[in-house]
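**Student:** sequence plus predicted model, see below.
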Amino acid sequence: MSAKTSHKTIYDTLKNQIIKEGFLPGAMLPTEQTLAKRYDVSRPTIAKVYNQLQEEGFVKKTKGLGTVVTYQHTSTPYTFGLLLPGSGESEIFSIINDQLLRQSESGMFNCFWEGATASSAEIRKSLIESCLESYIQKKVDGIFFSPLERVPDAYELNLKICQVIREAGIPLVLIDRDILAAPDRSEFDVVCIDNFSAGCVMAQHLIDRGCEKLHFFYRPGSASSVDLRLSGVRDTALKHGYAFTESNVFCGSPEDLELVKGMEVIAGKTGIICANDSTAAVLMSSLDDLGIEISKDILICGYDDMKYSKHLKHSLTSFRQPCEEIANISIELLMRRLKENNRIPITVNLKGAIVIRESSQFR
């Protein structure tokens with residue numbers, strides 16, 4: 001003869017089902033008689049179980065009605081720290097930042113940002129260090145970080161920041177770029193656009209507009225994502241049989257007229273791809289000072305589709321990033337990390353879109 005199920009086993013089973021939402025608030029539990037038959041025990045045994053659950057606030061027994069679940073599931077929202085640059089560096093991060101804050105309104109998580117955004121890369125560097133210390137002290141559940149660029153020792157600083165986060169055991173998702181350049185890969189999830197493809201798209205666009213000579217212009221200390229864009233430009237130019245060597249790559253200040261003079265311009269056949277819109281905007285002014293006419297002598301384009309791009313003297317063709325989706329996917333990956341932080345790192349490359357304006361069309 002098999003042993004009857006104990007009172008404690010029945011109690012533990014029902015309590016676990018209620019806590020794990022097997023029975024939602026307001027749900028009616030089986031009658032004492034039904035449950036007694038199911039477990040092959042006496043009705044007083046089930047009554048004892050229900051009484052204990054009622055004493056602990058899980059159910060309410062009402063004579064003539066039955067036993068109703070009253071336990072309310074309270075989920076404490078996660079807290080995430082934001083280490084992102086501000087609109088002065090690139091408007092895309094303000095959009096990403098705002099989307100993260102909007103998503104936090106769902107109640108699933110809260111965000112700390114404590115001035116972690118800043119228009120100056122140097123100011124951002126000091127802010128990140130102080131904010132990171134604060135986040136660790138507050139024991140945040142996860143961190144979103146866009147690695148530093150265009151500051152001295154950015155590579156070492158990014159490694160140090162990620163090492164501190166790693167040692168604190170805090171899940172981390174990198175936004176816009178990895179801390180390591182290809183072919184190396186960090187241990188962290190990365191959400192960004194497909195930068196190689198973005199380079200190919202821009203190069204193909206200018207070639208389709210009649211450009212046979214392409215140049216690429218970027219500032220010193222730029223992120224590894226810029227290297228990928230350059231690779232895409234180079235690959236596309238070579239596939240079309242156009243020369244693309246180091247003489248087509250310019251690294252420096254777009255205000256440096258001597259550097260800009262060094263670009264070979266074949267009127268009506270030359271296109272310049274800038275690493276971002278801010279570089280393109282300044283370069284357009286330098287070209288104008290040198291008497292090189294945009295849309296007549298050369299075409300030019302950039303990346304990020306900054307708000308001012310369409311208001312420049314020659315409205316700027318730019319590559320728009322899916323900023324809100326970058327934020328959404330970053331949240332998904334961080335939630336995934338919270339369940340298991342030792343997963344294989346994922347890189348999510350999202351598709352952007354070219355916004356064609358006056359600067360990439362010959363008159």
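**Tutor:** Happy to help now that I have it. Numbers count the residues shown, from 1 in each chain.
**Student:** where exactly do the helices run in the stretch 251-363 of the chain?
**Tutor:** Under the criterion DSSP state H, counting those that start in this stretch, the stretch 251-363 of the chain contains helices at 257-261, 277-289, 323-339.
**Student:** any chance of the ones you listed in TSV, with mean pLDDT too?
**Tutor:** Formatted as TSV, the entries for these read as follows, by pLDDT from 0 to 100:
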stretch	mean pLDDT
helix 257-261	96
helix 277-289	96
helix 323-339	94
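**Student:** how about the ones you listed, which one is nearest Arg219?
**Tutor:** Taking C-beta to C-beta, helix 277-289 is the member of those nearest to Arg219, at 5.9 Å. C-beta: built from backbone N, CA, C; applies to glycine.
**Student:** got a list of what Phe109 touches?
**Tutor:** 77-80, 103, 141, 331 (C-beta atoms under 8 Å, 6 or more residues apart in numbering).
**Student:** most neighbours, which of these?
**Tutor:** The member of the contacts of Phe109 that has the most neighbours, counting by other C-beta atoms under 10 Å, is Phe80 with 28 neighbours.
**Student:** distance of the closest residue in space to that one that isn't next to it in sequence from Leu100?
**Tutor:** For Phe80, the nearest residue in space outside its immediate sequence neighbours is Gly142; the separation is 4.8 Å by C-beta to C-beta, 6 or more residues apart in numbering. Here the distance between Gly142 and Leu100 works out to 11 Å (C-beta to C-beta, to the nearest Å).
**Student:** what residues do those two have in common as contacts?
**Tutor:** Between them, Gly142 and Leu100 share these contacting residues under C-beta under 8 Å, 6+ apart: Phe80.
**Student:** ok so, going back, ok, the residue nearest to Phe80 to Ser104 distance?
**Tutor:** Here the distance between Gly142 and Ser104 works out to 12 Å (C-beta to C-beta).
**Student:** again with Asp297
**Tutor:** 49 Å.
**Student:** and the helix or strand of the chain with the lowest mean pLDDT, what other elements does it pack with?
**Tutor:** Of all regular secondary-structure elements in the chain, judged by mean pLDDT, DSSP states H and E, the least confident is helix 121-137 with a mean of 77. Contact partners of helix 121-137 among helices and strands, from 3 or more C-beta pairs under 8 Å, 6 or more residues apart in numbering; DSSP states H and E: strand 78-83, strand 109-112, helix 154-167.
**Student:** just the CA atoms of stretch 58-72, as CSV, please.
**Tutor:** Only the C-alpha atoms of stretch 58-72 are listed here, as CSV (Å, rounded to 0.1, in the frame of the first residue of the first chain):
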residue,chain,number,x,y,z
PHE,A,58,-1.3,33.5,0.1
VAL,A,59,-5.1,32.8,0.0
LYS,A,60,-8.4,33.8,1.5
LYS,A,61,-11.0,31.3,2.6
THR,A,62,-14.6,32.5,2.3
LYS,A,63,-17.4,30.3,3.6
GLY,A,64,-19.8,29.3,0.8
LEU,A,65,-17.4,30.7,-1.8
GLY,A,66,-14.2,28.8,-1.5
THR,A,67,-10.5,29.6,-1.4
VAL,A,68,-9.1,32.4,-3.5
VAL,A,69,-5.5,33.3,-4.3
THR,A,70,-4.6,36.8,-2.8
TYR,A,71,-0.8,36.7,-3.2
GLN,A,72,0.4,39.6,-5.4
